[in-house]
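>>> okay, predicted coordinates and the sequence, questions at the end:
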Amino acid sequence: MNLLILFHSSGGHVATLADAIAMGCEGQGVDARLRNPPALDGRETDYLTVTKDELRSCGGLALGSPTRFGQMATPLKAFFETTSDLWLSGELIDKPAGVFGASSSLHGGNEAVLLGMTLPLLHHGMLVTGVPYTDPGLAQDHGGVTPYGPSLVENSGNHPHPHEIASAKALGARLAKLIKALA
Ligand SMILES: Cc1cc2nc3c(=O)[nH]c(=O)nc-3n(C[C@H](O)[C@H](O)[C@H](O)COP(=O)(O)O)c2cc1C
């Protein structure tokens, strides 16, 4: 039983939230597996590259991307385009999932990216969950917490804001609870 935290991060901002999600998840007794999609430019990262078997066997998925002209980063989209076999077999159906991200500016498209990342997850039949309005981060007028998922906004005061980290931890805990409940 594990949460697969699959993310792309060139500058470390999405990775910061990925680490917080892992902390929240492991606090609930569920293992977190931090992975990157296969690199398209051959660049090495500190994280292992995801395999399709890891996606197939995960208990749940947290998918994270920087905002790239209002869309998710290409390596993530490219990875999902290799998952038709999992779509055909329905192996991801009913697995809980959530999304997270980062952008440089406050209205630079982070919400569009978060919503866009839910689309392949919904096509796969996953159970997408977001950030409920009990999360204090949603009442803040700065930073990147959204109902669709936590995000980090670089140009919104000093980042990361504590409520951005707290919201990411809460998403990790929420996904872990769902994984346990559905196991
Ligand atoms: C090609 C490219 C396109 C980007 N497009 C946007 C954008 O549309 N809106 C925005 O606010 N930031 C944009 N950014 C900035 C990144 O989303 C932002 O720096 C983010 O925090 C990077 O996350 P990372 O440090 O995890 O890689 C873009 C960056 C790159 C390299």
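Looks like it arrived, so ask away. Note that this is a predicted model, so its numbers are computed, not measured.
>>> which residue does this protein bring closest to the ligand?
Per C-beta to the nearest ligand atom, Gly108 is where the chain lies closest to the ligand, at 2.0 Å. Yep, even glycine has a C-beta here, placed from its N, CA and C like the rest.
>>> that residue - nearest residue in space that isn't next to it in sequence?
For Gly108, ignoring the flanking residues on the chain, the nearest one in space by C-beta to C-beta, 6 or more residues apart in numbering is Thr67 at 5.6 Å.
>>> ok, now which ones touch the residue of the chain closest to the ligand?
Under the criterion of C-beta atoms under 8 Å, 6 or more residues apart in numbering, the neighbours of Gly108 are Thr67, Gly70, Val153.
>>> one step back: count the neighbours of the residue nearest to Gly108 for me.
The local packing of Thr67 (other C-beta atoms under 10 Å) involves 25 other residues.
>>> how about the one 4 residues further on?
As a burial measure, the neighbour count of Gln71 was computed by other C-beta under 10 Å and equals 15.
>>> got the residues of this protein near the ligand?
9-15, 66-70, 102-105, 108-109, 154 (C-beta under 6 Å from any ligand atom).
>>> now intersect the residues you listed with the helices, please.
If you go by DSSP state H, the residues of the chain next to the ligand have His13, Val14, Ala15 in helices.
>>> state the pLDDT value of the second one.
This means Val14. pLDDT, Val14: 98.
>>> return the distance of it relative to Leu88.
Remark: distance between Val14 and Leu88 (C-beta to C-beta, to the nearest Å) = 30 Å.
>>> so for the helix or strand containing Ile5, what's the average pLDDT?
Using DSSP states H and E, Ile5 falls within strand 2-7. Averaging pLDDT along strand 2-7 gives 98.
>>> give me the packing partners of that strand, helices and strands only.
helix 13-26, strand 31-36, helix 52-57, strand 60-66, helix 74-80, helix 162-182 (3 or more C-beta pairs under 8 Å, 6 or more residues apart in numbering; DSSP states H and E).
>>> and the last one with helix 13-26, angle?
Yep, that's helix 162-182 we're talking about. Angle of helix 162-182 versus helix 13-26, following axes from the mean of the first three to the mean of the last three C-alpha atoms, to 10 degrees, is 50 degrees.
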